[in-house]
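Asker: just a sequence and a predicted model for now, questions to come.
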Amino acid sequence: MFGRLMRRDGRQGEPVTFDSGAGLVSARVRDESGRPLAGAEMVLRHKRTQRTARATADGFGLVVSTVSAGLYSVSISSGGYRESVHTVEVISGDHTALGELALQPDASLRLPEPGEWLIDQDHTSVQFVARHIGLSRVHGRFTDFRGSINVGHRIEDSSVEVIIDAASIDTASAQRDEHLRSADFLDVENYPRLHFFSNRIQRAAGDRWFLDGTLNLRGASRGVRLEAGYLGLRSWNGDRLGARATTELHREDFTINWQQTLAKGLAVVGSTVEIQLDIQAVRG
């Protein structure tokens, strides 16, 4: 069986094959300005069985899913935008094209008021993930840190500063943690703190922002871009804001060059480290 995806000019594109008894559902998702919303999620829920299928939009905003024939509730969402909901009947061997869908900003996601917001260490996590011998991923965190977000009258005029105690690294292995604190890695005796500062903040789309700043680690300063998602405001023991952020570091950029290899040159520790931040900040 096959269907055809629609081209951007509205004409039929190349045929796409799929199993008998299934149909194709597609949409091209854009923001309020007409730009593609990469990463938008389409969820299809079968009206009778409640079975669900999920698909994610590519860099051009195109999202496609193949599902069994039947009646579906289809929701399309992206952080910071109002959900778009549709009911469609998927027909075996056919293509249901929802066409161009422009998601509208979620006005309920208020931005924080200007002023200083202090990072709440008890409800914030600073985590990292590194590859070990090309097989597993080692997860770790820092347990001692402080920081603040100084919100400007325009969010773009805000700044973020975070200071981390390097010795507080924790990977749930005392022997490994001691090695990570040594001169082979963080060299905490000579470089006791990691320091990040950014005053270059720009909106990407919806609840997504870019923070360009400088990370000082082990005496080396390098430019770093954080990809952040703003989670909104809550009131609990004060006014609070929430955000998540990720970035990827190459340890060689910070003169962390220790390496050991196994047979055939396989590295014990990968060169790339993924940083994951989950932040709550309280208004000062």
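Answerer: That came through, no problem.
Asker: which residues touch stretch 228-245?
Answerer: Residues outside stretch 228-245 that contact it (CB atoms under 8 Å, 6 or more residues apart in numbering): 79-80, 108-113, 117, 120, 149, 207-211, 226-227, 276-283. Every C-beta, even on glycine, is put in place using the N, C-alpha and C of the backbone.
Asker: now G79, what's its secondary structure?
Answerer: Using DSSP: H, G, I helix; E, B strand; the rest coil, the structure places G79 in coil.
Asker: quick revisit: take the contacts of stretch 228-245 and keep only those in strands.
Answerer: Taking DSSP state E, the ones among those that sit in strands are 117, 149, 208-211, 226-227, 276-283.
Asker: pLDDT check: weakest of those?
Answerer: On pLDDT alone, R208 ranks lowest of the ones in strands among the contacts of stretch 228-245, at 86.
Asker: now that residue, nearest residue through space, not along the chain?
Answerer: G229 (5.7 Å; CB to CB, 6 or more residues apart in numbering).
Asker: quick one: the one you found is in a strand?
Answerer: Yes. Under three-state DSSP, G229 falls within a strand.
Asker: can you report how many residues lie near it?
Answerer: Neighbour count for G229, taken as other CB atoms under 10 Å: 16.
Asker: and the pLDDT at it?
Answerer: With respect to pLDDT, G229 has a value of 91.
Asker: quick one on the thing from earlier: could you flag which of the ones in strands among the contacts of stretch 228-245 are buried?
Answerer: W117, I149, R208, W209, L211, L226, L277, I279, Q280, A281, V282, R283 (16 or more other CB atoms under 10 Å).
Asker: now T66: how far from G59?
Answerer: From T66 over to G59 the distance is 20 Å, taken as CB to CB, to the nearest Å.
Asker: P36 now?
Answerer: Applying CB to CB to P36 and G59 gives a distance of 7 Å.
Asker: and the two? Which one has more around it.
Answerer: For P36 and G59, the more surrounded residue by other CB under 10 Å is P36, and the numbers stand at 17 against 8.
Asker: wait, isn't the more buried one in contact with A27?
Answerer: No. Counting by CB atoms under 8 Å, P36 does not reach A27; the two are 11.5 Å apart.
Asker: who touches both of these two?
Answerer: With CB under 8 Å, 6+ apart as the test, P36 and A27 both reach L62.
Asker: now do the contacts for the closest residue to L194 other than its chain neighbours.
Answerer: Distance criterion CB to CB, 6+ apart; nearest residue to L194, sequence neighbours excluded, is I164 at 4.1 Å. With contact set as CB under 8 Å, 6+ apart, I164 has these partners: V126, F142, D144, F145, R193, L194, H195, F196.
Asker: show me where the stretch 51-200 of the chain has helices.
Answerer: Here the stretch 51-200 of the chain has its helices, by DSSP state H, counting those that start in this stretch, at 174-181.
Asker: shaky segments in the stretch 51-200 of the chain?
Answerer: Within the stretch 51-200 of the chain, the ranges that satisfy pLDDT under 70 run 132-135.
Asker: how about the strands in it?
Answerer: 52-56, 62-68, 70-77, 84-90, 95-102, 115-119, 125-132, 136-142, 145-151, 159-165, 169-170, 193-205 (DSSP state E, counting those that start in this stretch).
Asker: how near is the closest residue to A281 other than its chain neighbours to L111?
Answerer: Using CB to CB, 6+ apart and skipping residues adjacent in sequence, the residue nearest A281 is W117, 3.9 Å away. Distance of W117 to L111, computed by CB to CB: 12 Å.
Asker: ok, now how distant is T143 from T96?
Answerer: 50 Å.
Asker: the two: who's more crowded?
Answerer: Under the criterion of other CB under 10 Å, the comparison of T143 against T96 puts T96 first, with 18 against 13.
Asker: in contact with the more buried one, which residues are there?
Answerer: Here T96 is in contact with G23, L24, V25, S26, V88, E89, V90 (criterion: CB under 8 Å, 6+ apart).
Asker: figure out which of the strands of the stretch 51-200 of the chain is closest to E32.
Answerer: The minimum distance between E32 and the strands of the stretch 51-200 of the chain falls on strand 95-102, with 6.2 Å, by CB to CB.
Asker: tell me the buried residues in that closest one?
Answerer: H95, T96, A97, L98, L101.
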